[in-house]
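Colleague: using only what follows, build the 3D model:
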Amino acid sequence: MEQAGELLAAFLDSVVGIAIHCFELIGVFIIICAGVRGLVQYVRRDQSVRLQLAQGMALGLEFKLGSEILRTVVVRELSEVALVAAIIAVRAALTFLIHWEIKIEEGGRRREEADDKCAAGHQPGDTGHPGPGA
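Modeller: I've put the predicted structure just below:
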């Protein structure tokens, strides 16, 4: 019975190890793609470059954070738990800050679009009020 438990633990370690590496790889790939796309948008002077780059980094960090959470399954010592907890805290803080910046960028973009629509809807001399007899 003890041998079956050891076999199951070894299997879990293998599966979790593979999943950790997959999540890390996906996160790195997403961050690299977001950086390249951000560079292209910057060269083209696209106004949404900051928003797109922040969204890509946030998604990549979410995958990296997932790998750290999986890593907690296979830690064996208290020092490893402290290290993983510190990494999770830093990545969670970065993710929070990036999401906060995304909200600010989206809010500013919505205000700009609303201002543009408002300006396009009014002609010079138009007060926005119907004239007499209207």
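Colleague: quick one: the helices in this structure?
Modeller: 2-43, 49-74, 78-121 (DSSP state H).
Colleague: buried set for the shortest one?
Modeller: Buried residues in helix 49-74, counted by 16 or more other CB atoms under 10 Å: 49-68, 70-71, 74. Quick note: C-beta positions are derived from backbone N, CA and C, even for glycine.
Colleague: quick one: list the elements packing against that helix.
Modeller: helix 2-43, helix 78-121 (3 or more CB pairs under 8 Å, 6 or more residues apart in numbering; DSSP states H and E).
Colleague: and those helices, which one is worst for confidence?
Modeller: Lowest mean pLDDT of the helices and strands packed on helix 49-74: helix 78-121, a mean of 85.
Colleague: give me the distance from that one to the chain's centre.
Modeller: On the basis of CA atoms, centre = their mean, to the nearest Å, helix 78-121 sits 8 Å off its chain's mean C-alpha point.
Colleague: related to what we said a few turns ago, okay if I get the helices and strands packed on helix 49-74 as JSON lines plus mean neighbour count?
Modeller: Below are these laid out as JSON lines (neighbours: other CB atoms under 10 Å):
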{"stretch": "helix 2-43", "mean neighbour count": "13"}
{"stretch": "helix 78-121", "mean neighbour count": "13"}
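Colleague: contact partners for Ala58?
Modeller: Contacts for Ala58 (CB atoms under 8 Å, 6 or more residues apart in numbering) come out as 95, 98-99, 102.
Colleague: ah, wrong one, I meant Glu101
Modeller: Glu101 neighbours (CB under 8 Å, 6+ apart): 50, 54.
Colleague: with Gln41 instead?
Modeller: Shown in contact with Gln41 (CB under 8 Å, 6+ apart): 48-49, 52-53.
Colleague: change it to 7 Å
Modeller: Listed by CB atoms under 7 Å, 6 or more residues apart in numbering, the contact partners of Gln41 are 48-49, 52.
Colleague: which of the residues you listed lies closest to Tyr42?
Modeller: Val49 (5.0 Å; CB to CB).
Colleague: can you tell me how far the closest residue in space to the closest one that isn't next to it in sequence sits from Ala89?
Modeller: If you skip the residues right next to it in sequence, Val49 has Gln41 as its closest partner in space, 4.0 Å away by CB to CB, 6 or more residues apart in numbering. To Ala89, Gln41 is 31 Å away according to CB to CB, to the nearest Å.
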